[in-house]
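J.: Based on what follows, work out the 3D shape:
(one chain, ligands or ions: 3)
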Amino acid sequence: MKNGKVVWPHATLEADIAVDDGKIAGIGHGDVLPKADRVIDAKGKFVVPGGIDPHVHIHAPLGTAWTLDDFDTGTIAAAIGGTTTVIDFAFQQKGGLPMDAIYARRKEADNKVVIDYSLHSNLIEGSDQAIEQIPKIIEYGIPSFKFFMVYRKEGLMIDDGNLIPIIEQIKKNGGLAGAHTENVSMIEYFVDKALKKGNTSPIYHALTRPPISEAEAVNRFIYIANYLNAAFYDFHLSVREGVELIRQARKEGHPIYCETTPHYLTLTDEMLKRPDGVNFICSPPLRSKEHIEALWQGLADGTISVVASDQAAFGLVHKQPGKDTFAKAANGFPGSESRVPIMFSEGVQKGRISINRMVAVTSTNAAKIFGLYPKKGTIEIGSDADLAILDPKTDMKLSIENSPYKMDWSPYEGMQLHGSPVMTISKGKVIVENEEFTGKAGEGSFVKRKISEEILTSPAV
Ligand code: DUC
Ligand code: ZN
Ligand code: ZN
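T.: Ligands and ions are numbered 1, 2, ... in the order given. Below is the predicted model:
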């Protein structure tokens, strides 16, 4: 690859990149690099590490419904959007063991994924046997965990008392605890009250999960993690107060990390008032402009380390039941394919973050936090040749018309993008070119992860 502007979190350099046997073999200028079978000219374009999307739910049972993608269509969508690694979830079953969920998920994914992938362990019951398995899960190469502080009635919540022995065990074995932070009791109270009054329209989804219900849970998890001297990753942060709490904890030196998503950065709760408002139900809910601005600020100043998609490909069929009452709509949006394009167009091209920061939050930081670095998330000799080429000159409208898989709606319908990925390379092979996917199912692999001591003991990224 020649003539591109190669981007890292701390530098941008015009350079050529040589690839051999799926790895980066050289970075420099043409005459010093080995001759190549194919030379890709990236003049006028950015060459970035392939995106890492550490929060996707491919063909997953969330609530009562299954998301509509599969490990082939789901990872093709990610690849089309410049992403070369995803981290999905292995949901422990009721009465089951977390390792069994991991084996089942691998069976489903291994022959289908088109890019490399990993899993988080999502514990929904902290039984003694489940806690006993934590060292084995980490040893297996899955050192990150997610818990729900909400969804008590659905049987998914881990309560605060149970969190203590779980986090202790994770910390002792070199893992990272993460959570969906919403205050369950407040939300149950507000939802019951709204429904009793007949307040069932979509906007009540947001009104019954006010910012305090998220901020309080972020604060509580930070307290618990700090008390146990443990690291913590907050999934899908959406509120200003949460940004402030995490900024303060990191300033004090605690290893606290968080992610936000493109939908919290670009869509407001006003969407819930539209005739198709029911489609815009997700949890935590979309927020007002004040929160969007705080999230961009947090991204720019280093408080927010990661932008993930929270891909949950629910179609209209899953959203429509919410027309009777917001409580019945499936929670979540498709969008893994739009994550890097939106961050490039809305973030870099609009001057909110630099291209270097974009690389950090869409790739390098996730690689570091979740233990994929330097194999993934950077352009260095010996790293996997996972690359995306971004063209700042392309214009594209996000629409269901050009959706890479069979979705019947897009939360970003009509959003105009200036600049987008035009090529994706996974382990040295071009898998997306001219908007066409050219890879194959099963070419991705499960990647074992190990998180560094630095990440687990200080706010390292
Ligand atoms: N949490 C997620 O991470 N994704 C979709 C729904 C939810 O509650
Ligand atoms: Zn969640
Ligand atoms: Zn999610």
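
J.: so which helix or strand takes in Ile425?
T.: Here Ile425 sits within strand 416-426, counting by DSSP states H and E.

J.: measure Ser452 to Ile115 for me?
T.: Ser452 sits 23 Å away from Ile115, taking Cβ to Cβ, to the nearest Å as the criterion. From N, CA and C alone the C-beta is placed, and that goes for glycine too.

J.: my bad, should have said Ser305
T.: Distance from Ser305 to Ile115, counting by Cβ to Cβ: 22 Å.

J.: ok, now Asp16?
T.: 24 Å.

J.: Likewise for Asn122?
T.: To Ile115, Asn122 is 21 Å away according to Cβ to Cβ.

J.: Over to Val56?
T.: For Val56 relative to Ile115 (Cβ to Cβ), the value is 11 Å.

J.: which residues are common contacts for those two?
T.: Common contacts of Val56 and Ile115 (Cβ atoms under 8 Å, 6 or more residues apart in numbering): Ala78, Val86.

J.: If you count surrounding residues, which of those two has more?
T.: Using other Cβ atoms under 10 Å as the criterion, Val56 and Ile115 rank with Val56 on top: 27 against 24.

J.: List the contacts of that one.
T.: Each residue near Val56 by Cβ under 8 Å, 6+ apart is listed here: Gly74, Ala78, Val86, Ile87, Asp88, Ala308, Ser309, Asp310, Gln311, Ser336.

J.: for the residue nearest to it when sequence neighbours are not counted, what are its contacts?
T.: By the measure of Cβ to Cβ, 6 or more residues apart in numbering, the closest residue to Val56 outside its immediate chain neighbours is Gln311, 4.0 Å from it. Neighbour list for Gln311: 53, 55-58, 67, 69, 74, 77-78, 86, 332-336 [criterion: Cβ under 8 Å, 6+ apart].

J.: Near ligand 1, list only the ones from these.
T.: Applying Cβ under 6 Å from any ligand atom, the subset of those adjacent to ligand 1 comprises His57, Gly332.

J.: Tell me the one among the contacts of Gln311 nearest to ligand 1.
T.: Taking Cβ to the nearest ligand atom as the measure, ligand 1 lies nearest Gly332 of the contacts of Gln311, at 3.9 Å.

J.: got a pLDDT number for the closest one?
T.: Confidence at Gly332, expressed as pLDDT, is 95.

J.: Contact residues of the chain facing ligand 1?
T.: His57, Leu62, His180, Phe235, His236, Ser283, Asp310, Ala312, Asn331, Gly332.

J.: Reformat the residues you listed as a markdown table; add secondary structure and neighbour count.
T.: Shown next, in a markdown table, are these (DSSP: H, G, I helix; E, B strand; the rest coil; neighbours: other Cβ atoms under 10 Å):
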| residue | secondary structure | neighbour count |
| --- | --- | --- |
| His57 | strand | 23 |
| Leu62 | strand | 20 |
| His180 | strand | 21 |
| Phe235 | coil | 22 |
| His236 | coil | 22 |
| Ser283 | coil | 21 |
| Asp310 | coil | 25 |
| Ala312 | strand | 25 |
| Asn331 | coil | 20 |
| Gly332 | coil | 25 |
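
J.: any chance of these in TSV, plus distance to Val7?
T.: Listed next are these as TSV, based on distance: Cβ to Cβ, whole Å:
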residue	distance to Val7
His57	29
Leu62	34
His180	32
Phe235	26
His236	26
Ser283	33
Asp310	24
Ala312	29
Asn331	34
Gly332	30
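
J.: Of those residues, which one scores lowest on pLDDT?
T.: Leu62 (84).

J.: Show me what it is bridged to.
T.: Beta-bridge partners recorded for Leu62 (DSSP bridges): Ala65.

J.: do Ser426 as well
T.: Residues in a beta bridge with Ser426, per DSSP bridges, are Lys429.

J.: Could you count how many residues lie near it?
T.: For Ser426, using other Cβ under 10 Å, the count is 26.

J.: Can you tell me how far it is from ligand 1?
T.: If you measure Ser426 against ligand 1 using Cβ to the nearest ligand atom, to the nearest Å, the figure is 25 Å.

J.: is it true that that residue touches Ser445?
T.: No: judged on Cβ atoms under 8 Å, Ser426 makes no contact with Ser445 at a distance of 10.3 Å.

J.: Quick check: neighbours shared by those two?
T.: In contact with both Ser426 and Ser445: Asp116, using Cβ under 8 Å, 6+ apart.

J.: Check the gap between the closest residue to Glu453 other than its chain neighbours and ligand 1 for me.
T.: The shortest distance from Glu453 to any non-neighbouring residue, by Cβ to Cβ, 6+ apart, is to Gly174 (8.0 Å). The spacing between Gly174 and ligand 1, counted by Cβ to the nearest ligand atom, is 24 Å.
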